[in-house]
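Structure for the following, please:
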Amino acid sequence: MDHKKSSSHSRFEFTNADCTTLDRKFGECDYIYLKSVNRTYKYLSAKFKLFQLPVNLVLMKRFNGYKPFLYNITINACKFFANTKSNPVVKFFYESVMTFSNMNHSCPYNHDIIVDKLPVDFINYRLTKVLPFPEGDYLCEAHWFRSGSRFAVVRVYGTLS
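Residues are numbered from 1 along each chain as shown. A predicted model of the protein is given here:
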């Protein structure tokens, strides 16, 4: 009996991105956008002025609205940057953007944080080959805090199909 090999290939696409500044004393978003240069080259860019770095990272998947999926982690970003091996989950997400950003050192951050032209193909590789995720619509949401008060929310939406 002849069995043909079959394979399915998942593909990730950015669908939206936004940033909401709730308290400009602690940080603000200069810009966040998705750009489609052509059918094969699409990317995310963002620039944030962050004056404090504690952050809550939530991965959500759409099931009758977006619901937490796998991860809802609060970290002190400065402590994480000092030892990126301290949290493998956060390290996975950090490594997914660090090559395309200036977040390549420990605190203090006395400059803006920039994500520049993060290509969808790189994220696709990370979410299908490095740590395969199930198909679906996703939202990665980062809540930035200072003294227990949320001052900014960054949301990046995508579809894995």
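
can you pull out the strands in the chain?
Using DSSP state E, the strands of the chain run over 12-21, 27-36, 42-50, 54-62, 66-76, 113-119, 136-146, 149-160.

Near residue 12, how many other residues are there?
Neighbourhood size, residue 12 [other Cβ atoms under 10 Å]: 21. Glycine gets a C-beta too; all of them are placed from N, C-alpha and C.

Which strand residues bridge it?
For residue 12, the beta-bridge partners under DSSP bridges are residue 160.

show me the residues around it that make contact.
Taking Cβ atoms under 8 Å, 6 or more residues apart in numbering, we find residue 12 in contact with 120, 123-124, 127-128, 158-160.

just curious, which of these is nearest to residue 77?
residue 123 (20.4 Å; Cβ to Cβ).

follow-up on the earlier one: make TSV out of the strands of the chain and add distance to residue 87 and mean pLDDT.
Shown next, in TSV, are the strands of the chain (distance: least, Cβ to Cβ, whole Å; pLDDT from 0 to 100):
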stretch	distance to residue 87	mean pLDDT
strand 12-21	23	87
strand 27-36	22	87
strand 42-50	19	85
strand 54-62	10	70
strand 66-76	6	78
strand 113-119	19	87
strand 136-146	14	82
strand 149-160	19	83
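
Same list, these, but as JSON lines with distance to residue 86 please.
Converted to JSON lines, the strands of the chain look like this (distance: least, Cβ to Cβ, whole Å):
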{"stretch": "strand 12-21", "distance to residue 86": "26"}
{"stretch": "strand 27-36", "distance to residue 86": "23"}
{"stretch": "strand 42-50", "distance to residue 86": "20"}
{"stretch": "strand 54-62", "distance to residue 86": "14"}
{"stretch": "strand 66-76", "distance to residue 86": "8"}
{"stretch": "strand 113-119", "distance to residue 86": "20"}
{"stretch": "strand 136-146", "distance to residue 86": "18"}
{"stretch": "strand 149-160", "distance to residue 86": "22"}
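
With distance to residue 114 and neighbour count added, can I get the contacts of residue 12 in JSON lines?
Below are the contacts of residue 12 laid out as JSON lines (distance: Cβ to Cβ, whole Å; neighbours: other Cβ atoms under 10 Å):
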{"residue": "120", "distance to residue 114": "18", "neighbour count": "19"}
{"residue": "123", "distance to residue 114": "17", "neighbour count": "23"}
{"residue": "124", "distance to residue 114": "22", "neighbour count": "19"}
{"residue": "127", "distance to residue 114": "22", "neighbour count": "20"}
{"residue": "128", "distance to residue 114": "26", "neighbour count": "16"}
{"residue": "158", "distance to residue 114": "20", "neighbour count": "23"}
{"residue": "159", "distance to residue 114": "25", "neighbour count": "14"}
{"residue": "160", "distance to residue 114": "26", "neighbour count": "19"}
